[in-house]
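# structure for the following, please:
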Amino acid sequence: MTRDEYFLRQIQLWGDEAQDSLQDKTIAIIGCGGLGSSLSLALGTIGIGTIYLIDFDHVTLHNIHRQIAFTLEDENKQKAQCISKLIQSKSPYTKTIPKVMSFDEFKKEGHKVDLIIDAMDNLPTRKAIGEWAKETKTPWIYGSVEEFHGQVCFFDKASFDAFKITDRKPGGIAAPIIMQVASLQANLAIRYLIGEEVKKDLLYYLSYKDGEFTIQKFKI
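Modelled structure (predicted):
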């Protein structure tokens, strides 16, 4: 197997130069649950050089139906380690580094990344991600899901302080809307990493209501 054989259809899409550039990129996916599972599967095999997977939690039974990277055999195992193993089984061109720790612990290790992708489920941690991104001058992609709705934003100049920060438990959730939100996050990430234009500081509001899927855009 050669690199060109493995990435054939992607190279047809964006060319050799863009594909080669991905090998020099390092990203951090903060959270390996619902969004993190889908993001890891979407981005883990496109040829990004290094991916940090940050999550201190283990797989529980009620995770498995909507967190698509896990099987019943993964119950009680560490999420970051399970996803790392899955990506490595699919792609020899990406190094995954599982970090079984909180975001605060990861931040203290001082890693430099090209892009941060939020896959958390609480606003206080997202506020901390936003502050770290500002401190390190690193762009980040926010994503959230609750019930049949989701939000995505590529943060650059804007601040996450635009959101009201509260600590609350999210409502019910199912896999398809999670995958929709993660797909938008992943596509923004890919465009940025290969040097294509990305609309920044624009909030995408996704909703699947009354059987119709819609996206609204708001400038932050």
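# alpha carbons only for contacts and neighbour counts from here, please
Will do.
# which parts of the helix or strand harbouring Gly143 are buried?
Assigned by DSSP states H and E, Gly143 belongs to strand 140-146. Buried residues in strand 140-146, counted by 16 or more other C-alpha atoms under 10 Å: 140-146.
# same deal with stretch 108-128?
So stretch 108-128, judged by 16+ other C-alpha under 10 Å, has buried residues 113, 115-121, 123, 125-127.
# and that stretch, average pLDDT?
In this model, stretch 108-128 carries a mean pLDDT of 94.
# mind listing the helices in the protein by residue range?
3-6, 8-22, 34-43, 79-90, 103-108, 123-136, 175-193 (DSSP state H).
# with respect to burial, which of these scores highest?
Across the helices of the chain, averaging neighbours per residue (mean count of other C-alpha atoms under 10 Å) puts helix 34-43 on top, at a mean of 24.
# can I get the CA coordinates of that one in CSV?
C-alpha atoms of helix 34-43 as CSV (Å, rounded to 0.1, in the frame of the first residue of the first chain):
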residue,chain,number,x,y,z
GLY,A,34,-20.4,12.0,21.1
LEU,A,35,-18.9,14.8,19.1
GLY,A,36,-15.4,13.5,19.8
SER,A,37,-16.3,10.1,18.4
SER,A,38,-17.6,11.5,15.2
LEU,A,39,-14.8,14.0,14.8
SER,A,40,-12.2,11.4,15.4
LEU,A,41,-13.6,9.1,12.7
ALA,A,42,-14.0,12.1,10.3
LEU,A,43,-10.5,13.5,10.8
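# tell me what that helix is packed against?
strand 26-30, helix 79-90, helix 175-193 (3 or more C-alpha pairs under 8 Å, 6 or more residues apart in numbering; DSSP states H and E).
# save these as CSV, and put in distance to Tyr205 and mean pLDDT too.
Listed next are the helices and strands packed on helix 34-43 as CSV, based on distance: least, C-alpha to C-alpha, whole Å; pLDDT from 0 to 100:
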stretch, distance to Tyr205, mean pLDDT
strand 26-30, 21, 98
helix 79-90, 28, 97
helix 175-193, 9, 94
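# out of these, flag the one nearest Ile54.
Minimum separation from Ile54 across the helices and strands packed on helix 34-43 (C-alpha to C-alpha) falls at strand 26-30, 5.0 Å.
# what's in contact with that closest one?
36, 39-40, 48-55, 103, 112-120 (C-alpha atoms under 8 Å, 6 or more residues apart in numbering).
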